[in-house]
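Undergrad: Need a 3D model of the sequence below.
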Amino acid sequence: MKFDVRGAIITIVLGVLAGIGGVGIGNALFSRAEREPTLHEVIHDELALTSDQEKAIEALEATFAVRRQALELEMRAANRELAAAIAEEQGYGPKVTAAVEHFHHAMGTMQTEFIAHVFAMREVLTPDQRKRFDETVVAALTKDT
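TA: The predicted structure is shown next:
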């Protein structure tokens, strides 16, 4: 009996693809059940927004996305400054201190603006929707504490 290399390769490839597909389906079915939904999921999947609310939330999200991207770029720049300062000073000198402070400022600004964004979205919601929204925010902030 002759060994069919082509058949073996096809069988292996199909086995790998089936395994990957099984993992993907398993994650889709079970991973969400094991964790709390994200704020985005709650807003868009659970709160039954009106079309006006949806438009207002989408506008807020689009505006914040631009700002978040700018702040993430600033944090990356601060990290590059920190890397250069560490390489140059080889210790905790004034350039390292300045780079750390730059990063902390950008990160603090990000957090402050995110919280303002959360409150802006909250204002679009009805009192009943706000209750679920608030529960999700509190759960996210207290997770693993």
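Undergrad: contacts and neighbour counts: CA atoms only from here.
TA: Noted.
Undergrad: Domain ranges for the chain, per the record?
TA: For the chain, whose domains are defined here by automatic domain parsing, the residue ranges read 1-35, 37-142.
Undergrad: Dump the ones you listed into JSON lines; add mean pLDDT and mean neighbour count as well.
TA: Listed next are these as JSON lines, based on pLDDT from 0 to 100; neighbours: other CA atoms under 10 Å:
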{"stretch": "domain 1-35", "mean pLDDT": "62", "mean neighbour count": "10"}
{"stretch": "domain 37-142", "mean pLDDT": "89", "mean neighbour count": "15"}
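Undergrad: Find the centremost residue of the chain, please.
TA: Centre of the chain computed as the mean C-alpha position; nearest residue by CA atoms, centre = their mean is Thr38, 9.1 Å away.
Undergrad: check contacts around that residue.
TA: For Thr38, the contact set (CA atoms under 8 Å, 6 or more residues apart in numbering) comprises Thr136, Ala140.
Undergrad: can you give me the helices in the chain?
TA: Applying DSSP state H to the chain gives helices spanning 5-26, 39-41, 51-89, 94-124, 127-142.
Undergrad: What angle do helix 94-124 and the longest one make with each other?
TA: With axes from the mean of the first three to the mean of the last three CA atoms, to 10 degrees applied, the angle from helix 51-89 to helix 94-124 works out at 170 degrees.
Undergrad: Now Thr50, what are its backbone angles?
TA: Comment: the main-chain dihedrals of Thr50 come out as phi -70, psi 170, following degrees, to the nearest 10.
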